[in-house]
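Asks: just need the structure, nothing else, for what follows:
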Amino acid sequence: MKNFNIRYSEEFVEHLETYINRLEEKSPQAANKLRKHIKKYLINLKRFPKIGSKVQSSIKSLTKYRKIVVIYDYLIFYYLDEREKIVYIVDIVHGKQNYEHHLK
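Replies: A predicted model of the protein is given here:
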């Protein structure tokens, strides 16, 4: 089975940098741990793109997304193009946020 390629949105990259920088100020160890976990999940997505659970929403357009819960309550949202074998990483948000507006 061919591995999927991963593409990252600008929002994902920006939000990830923001979260890591904030954590870095409070706890460099926690920031490092978050980096390692995210890297592990992203590597796993290449081989197992359906590892995340489907987003449950009353908004039809959001149900194409999947999410992975990472440590410290961060959620990575993505969707698949199975024909082209691409995982599109859309965003990362803290679980306490209302994530639906991030995915529209």
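Asks: where in the protein is pLDDT low?
Replies: 1, 98-104 (pLDDT under 70).
Asks: can you map out the helices along it?
Replies: Secondary structure of the chain (DSSP state H): helices at 10-26, 28-47, 100-103.
Asks: tell me which of those lies nearest to Ser61.
Replies: For Ser61, the closest of the helices of the chain is helix 100-103, at 8.0 Å, according to C-beta to C-beta. Backbone N, C-alpha and C define where each C-beta goes, glycine included.
Asks: on that earlier part again, need the helices of the chain in CSV with distance to Ile86 and mean neighbour count, can you?
Replies: As requested, the helices of the chain are exported to CSV (distance: least, C-beta to C-beta, whole Å; neighbours: other C-beta atoms under 10 Å):
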stretch, distance to Ile86, mean neighbour count
helix 10-26, 14, 14
helix 28-47, 10, 15
helix 100-103, 17, 15
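Asks: compare those helices and give me the one nearest Lys2.
Replies: Closest among the helices of the chain, using C-beta to C-beta: helix 28-47, at 9.8 Å.
Asks: can I get the CA coordinates of the closest one in CSV?
Replies: Taking Å, rounded to 0.1, in the frame of the first residue of the first chain, the C-alpha atoms of helix 28-47 are listed here in CSV:
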residue,chain,number,x,y,z
PRO,A,28,10.1,24.1,27.3
GLN,A,29,9.6,20.4,28.2
ALA,A,30,5.9,20.6,27.5
ALA,A,31,6.6,22.3,24.2
ASN,A,32,9.1,19.6,23.3
LYS,A,33,6.6,16.9,24.2
LEU,A,34,3.9,18.5,22.1
ARG,A,35,6.3,18.7,19.1
LYS,A,36,7.2,15.0,19.4
HIS,A,37,3.6,13.9,19.7
ILE,A,38,2.5,15.9,16.7
LYS,A,39,5.4,14.6,14.6
LYS,A,40,4.5,11.0,15.6
TYR,A,41,0.8,11.5,14.6
LEU,A,42,1.7,13.2,11.3
ILE,A,43,4.1,10.3,10.4
ASN,A,44,1.4,7.8,11.3
LEU,A,45,-1.1,9.6,9.0
LYS,A,46,1.1,8.8,6.0
ARG,A,47,0.5,5.1,6.6
